[in-house]
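# return a 3D structure for these sequence lines:
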Amino acid sequence: MKPIIEYNPDITQFFGHFLGEDMVAITLYPYIFTSTETVAANVLNHEKIHCEQYKELLIIGFPIVMLFNFLFNLIYYGDKNISYRQTLFEREAYENMNNFDYLKYRRRYSWLWSKKIA
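Residues are numbered from 1 along each chain as shown. Next comes the predicted model:
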């Protein structure tokens, strides 16, 4: 299933408030919600990477792994913004968001080997 891109700033603001940052987009598979009507191509690529991660974990596994990874990181880093960006899923998405061919050759479960964001 292809992602459904929908303009809905209320959803991005809700999650952004929780994380303490402005969010341009968020993926809640199969939807990619955006805070603006036009979104940069690399941001959409980032969110499409999350769609693949959702599918790998049969949709329900993604939020569970994300939550536990975020909580572990929060204990380790003590900062919710850093903790979010250092989750395994975000590492892969940030690392590859500017590579528009990435999804063509991406290996399954690549998020397990993503590099730590500096």
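# wait, isn't residue 30 in contact with residue 1?
Yes - using CB atoms under 8 Å, residue 30 is in contact with residue 1, at 5.3 Å. From N, CA and C alone the C-beta is placed, and that goes for glycine too.
# same drill for the two, tell me which one is more crowded.
Neighbours were counted for residue 30 and for residue 1 using other CB atoms under 10 Å; residue 30 has more, 13 against 7.
# can you check the pLDDT for the more buried one?
Looking at residue 30, its pLDDT is 97.
# backbone dihedrals for it, both of them.
Per-residue torsions, residue 30: phi -90, psi 10 (degrees, to the nearest 10).
# check the secondary structure at residue 44 for me.
helix (DSSP: H, G, I helix; E, B strand; the rest coil).
# now do the contacts for residue 69.
Counting by CB atoms under 8 Å, 6 or more residues apart in numbering, residue 69 touches 87, 88, 89.
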